[in-house]
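Student: have a look; sequence and predicted model below, questions after that.
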Amino acid sequence: MTKRPYNFSAGPAAMPESVLRQAAEEMLDWRGSGMSVMEMSHRGKEFVQICDEAEADLRTLLGVSDDYAVLFMQGGATAENAIVPLNLIGRRPEHKADYVVSGSWSRKSQKEAARYGDAQVIATAAEAAVIEGREQAPFTYMPDPATWQVRPDASYVHLCSNETIDGIEFIDWPDMAALGQADVPLVVDASSHFLSRPMNVARTGLVYAGAQKNAGPAGVTIVIVRRDLIGHALPVCPTAFDYANVAKESSRFNTPPTYAIYMAGLVFKWVIANGGLTGMEAANRAKADLLYGYLEASGFYRTRIHPSVRSRMNVPFVLNDESHNDAFLKGAAAAGLLALKGHKSVGGMRASIYNAMPLEGVQALIAYMKDFETRHG
């Protein structure tokens, strides 16, 4: 059997090989039904079983209580940038929402929300970098929650807890009650580190994540929303995006992304079988420590992210001499190390080392980087 290359794509990202093989085996006939999952009615008993199992497994993994609805939606986290304010900003008559801008994705979230109400930036790493006279480039650290200027009449405060492009991760979600804002629910975009470690959903009012990083293929978006926050949608909110409608119909208000939900369900079972979220965290910490350790020791490569907020999922780095960038990427691809080019907005390189990336993949990347440094340093 030909060895598969290591895929460091930021998303859609690598999936567990055993999950892909199971899906291949079940492609033409799911559990003797005579149908592919792609062919099933979303209201038929077979798919209802698939969808309900996926929800149950996800609740088990994250310890989600019945106080929360678990929704499988469409449109990715980008759509949720609009769907969240459409559902939540009307909770209070002021139509206010507070946003922490810690990177490229949270900046996009805030700009989208501003179309539906008063979406204010209450903390930003870019601004603080200037105010505090830091030498670091913008978006290299996370604003301290103690500095957030949360408005007590805001409908919610929004945080992107892992900035995929910038490589910044907020490990421990803040407790709004401890910040003196118990009445302002925390909304978290957890897309690019969802299911990579235990997460305290109980500290949030809503968590959302595009599945295509750690939880499945592109096409399904996971929303975990506290039930008391449902039912406040703005009149302009499309019925298919109203959390109340989706929750009432168990994610089957309209035709959901059936095959993507099935694949996500297989991934949930794979995570459970491999130690759950504590197992994922241990493996991800080992991979990240190994790669960051090498970057720290090298004089040829460097990472600009503050050590306290370095993402375990997305590791951006640069070559000190960027004239070698093209040669680095060409050689990496030839060595079976794919999709290492950084996002166009920040340049450089980025290794996304999600759950499905084995430790051997990171070891192979470091071996290549050492060899490249020897030949070009």
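Tutor: Yep, that arrived. Numbering: from 1, shown residues only.
Student: need the contact list for the closest residue to P145 other than its chain neighbours.
Tutor: Distances taken as CB to CB, 6 or more residues apart in numbering put P174 closest to P145, at 4.1 Å, once the chain neighbours are dropped. C-beta: built from backbone N, CA, C; applies to glycine. For P174, the contact set (CB atoms under 8 Å, 6 or more residues apart in numbering) comprises P145, L159, L186, R203.
Student: and these, which is closest to L329?
Tutor: L159 (32.5 Å; CB to CB).
Student: let me know the secondary structure of that closest one.
Tutor: Secondary structure state of L159, per DSSP: H, G, I helix; E, B strand; the rest coil, is strand.
Student: with E53 instead?
Tutor: helix.
Student: per-residue pLDDT of it, please?
Tutor: Here, the pLDDT recorded for E53 equals 98.
Student: make sure it is actually in contact with Y262.
Tutor: No. Judged on CB atoms under 8 Å, E53 makes no contact with Y262 at a distance of 9.5 Å.
Student: of these two, which one has the most company?
Tutor: The neighbour comparison of E53 against Y262 (other CB atoms under 10 Å) goes to Y262, with 24 against 16.
Student: check which helix or strand covers the more buried one.
Tutor: helix 258-273 (DSSP states H and E).
Student: from V223, how far out is the residue sitting nearest the centre point of the chain?
Tutor: Central residue of the chain (CA atoms, centre = their mean): S191, 1.6 Å from the mean position. Distance, S191 to V223, by CB to CB, to the nearest Å: 11 Å.
Student: how about G103?
Tutor: Taken as CB to CB, the span from G103 to V223 is 21 Å.
Student: these two - which one has more neighbours?
Tutor: For G103 versus V223, neighbours defined as other CB under 10 Å are more numerous around G103 (25 against 22).
Student: re the thing from before, isn't the residue nearest to the centre of the chain up against V207?
Tutor: No. The pair S191 / V207 is not scored as a contact, 9.8 Å apart, by CB under 8 Å.
Student: the stretch 251-377 of the chain: helices as residue ranges?
Tutor: For the stretch 251-377 of the chain, applying DSSP state H, counting those that start in this stretch gives helices covering 258-273, 276-297, 325-334, 359-376.
Student: I'd like the average pLDDT over stretch 165-181.
Tutor: Averaging pLDDT residue by residue across stretch 165-181 gives 92.
Student: typo on my end, it should be stretch 87-99
Tutor: 97.
Student: need phi/psi at K96.
Tutor: phi -110, psi 150 (degrees, to the nearest 10).
Student: how far away is the closest residue to P238 other than its chain neighbours from A332?
Tutor: Take P238 and drop its neighbours on the chain: the residue closest to it by CB to CB, 6+ apart is L86, 7.9 Å away. According to CB to CB, L86 stands 42 Å off from A332.
Student: can you give me the helices for the stretch 101-250 of the chain?
Tutor: 104-113, 125-131, 243-248.
Student: give me the below-cutoff pLDDT ranges for the stretch 1-150 of the chain.
Tutor: 1-2, 126-138 (pLDDT under 70).
Student: and the strands in it?
Tutor: Using DSSP state E, counting those that start in this stretch, the strands of the stretch 1-150 of the chain run over residues 6-7, 68-73, 96-101, 118-124.
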